[in-house]
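> Return atomic coordinates for the entry below.
(one chain, ligands or ions: 1)
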Amino acid sequence: MKSIVVANWKMNPATFKEAKKLFDATRKAAEGAKNVAVIVAPPAIFLRELSVGYKGKRLTFAAQNAHFESGGAFTGEISMSEARDAKCSSVIIGHAERRGMGEENDDTRRKVVAALTIGLTPVLCVGERTRSQSGEHFEFVREQLVAGFADVPPAKIPRVIIVYEPVWAIGAERPMNARDMHEMAIFIRKTVVDRYGQGGMNLKILYGGSIDESNAEDMIQNGDVNGLLVGRASTDAEKFSALVSALGAL
Ligand code: PGA
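Alright, predicted model coming up:
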């Protein structure tokens, strides 16, 4: 079974030397698992040096975030074209930690279309902060999806990768239950199809939140997902290699 694994290093590690070491282990893991498509998202400042040194084809690069404007007075930001120029093929958009810093649905909407326009694959993150019995989280996720796809031409809908990452399961002890993910994957597809048409059937949906080498397989087999976004375990070379080879064996 072919799966996608996004290695989101977040703001780690502290030095390029360590980043290079982690990248070498990540690359080896990717090369050993033919049916796993690894997407590495290092801190922007390390990106170019890692990507230009990589000649293989087993792994691709993503920016952790990029601005929707093509250039200008945006101190501290990077643009989609700068990310592409640094050899990224995708960009994470609307990660919960970015949303926590003030990013809104309107920003993610603009970023998704800006990424597609420049030829980057948007990796659009959605997920509620909390859950209650009344099921309000479905409405919350629906709004994030509707906004994220609002300006996407129908033909390009299947190019967007969705990551469902409930905020309460990020940096937690364990991921959400795979059966609950299955339910959410059905909801996500249905939401996009109802609103934006059949292209939604072909969406790739990933899960993110406390995935490691011990639970990745269960989530892929029972969660109705095409892959995983991995935070902490992606910066631990041993854990990440074990995770990728577990998926490679499926
Ligand atoms: P985590 O992060 O794997 O460290 O929980 C996941 C995420 O950011 O979605």
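
> Please name the residues that touch residue 244.
By Cβ atoms under 8 Å, 6 or more residues apart in numbering, residue 244 lies in contact with 5, 29, 30, 32, 33, 36, 38. (C-beta placed from N, C-alpha, C; glycine too.)

> Look up the pLDDT of the fourth one for me, please.
Okay, so that is residue 32. On the pLDDT scale, residue 32 is placed at 94.

> Might one say that it is in contact with residue 249?
No. With contact defined as Cβ atoms under 8 Å, residue 32 does not reach residue 249; the gap is 10.5 Å.

> So which residues on the chain come close to the ligand?
Within the chain, the residues that sit near the ligand (Cβ under 6 Å from any ligand atom) are 8, 165, 170, 171, 208, 209, 210, 211, 229, 230, 231, 232.

> Recalculate using a threshold of 5 Å.
165, 170, 171, 208, 210, 229, 231, 232 (Cβ under 5 Å from any ligand atom).

> Count the residues that sit near the first one.
When neighbours are defined as other Cβ atoms under 10 Å, residue 165 has 28 of them.

> repeat for the third one
The local packing count at residue 171 equals 13, with neighbours defined by other Cβ under 10 Å.

> Next: the second one.
By the other Cβ under 10 Å criterion, the neighbourhood of residue 170 contains 20 residues.

> May I have stretch 28-35 exported as PDB, CA atoms only?
Once non-C-alpha atoms are left out, stretch 28-35 reads as follows in PDB (Å, rounded to 0.1, in the frame of the first residue of the first chain):
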ATOM      1  CA  LYS A  28      18.200   6.400   4.000                       C
ATOM      2  CA  ALA A  29      14.800   5.500   5.500                       C
ATOM      3  CA  ALA A  30      13.000   6.800   2.400                       C
ATOM      4  CA  GLU A  31      15.300   4.900   0.100                       C
ATOM      5  CA  GLY A  32      14.700   1.700   1.900                       C
ATOM      6  CA  ALA A  33      10.900   1.900   1.600                       C
ATOM      7  CA  LYS A  34       9.900   2.000  -2.000                       C
ATOM      8  CA  ASN A  35       6.100   2.400  -1.400                       C
END
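
> Contacts only, for residue 197.
154, 157.

> Any idea which residue of the protein lies closest to the ligand?
residue 231 (2.3 Å; Cβ to the nearest ligand atom).

> Count the residues that sit near the closest residue to that residue other than its chain neighbours.
Sequence neighbours aside, residue 8 is the residue nearest to residue 231 in space, at 5.3 Å (criterion: Cβ to Cβ, 6 or more residues apart in numbering). Using other Cβ under 10 Å, the number of residues around residue 8 comes to 25.

> The contacts of residue 244 in helices, which ones?
Per DSSP state H, helices hold the following members of those: 29, 30, 32.

> now the strands for this protein?
Counting by DSSP state E, the chain has strands at residues 3-8, 36-41, 59-63, 88-93, 121-126, 161-164, 204-208, 227-230.

> mind putting these in TSV, distance to residue 103 and mean pLDDT included?
Output for the strands of the chain, formatted as TSV (distance: least, Cβ to Cβ, whole Å; pLDDT from 0 to 100):
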stretch	distance to residue 103	mean pLDDT
strand 3-8	15	98
strand 36-41	16	98
strand 59-63	14	98
strand 88-93	9	98
strand 121-126	10	98
strand 161-164	14	98
strand 204-208	16	98
strand 227-230	16	98
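
> Please render the ones you listed as CSV that adds distance to residue 218 to the earlier fields.
Listed next are those as CSV, based on distance: least, Cβ to Cβ, whole Å:
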stretch, distance to residue 218
strand 3-8, 13
strand 36-41, 16
strand 59-63, 24
strand 88-93, 24
strand 121-126, 21
strand 161-164, 16
strand 204-208, 11
strand 227-230, 11
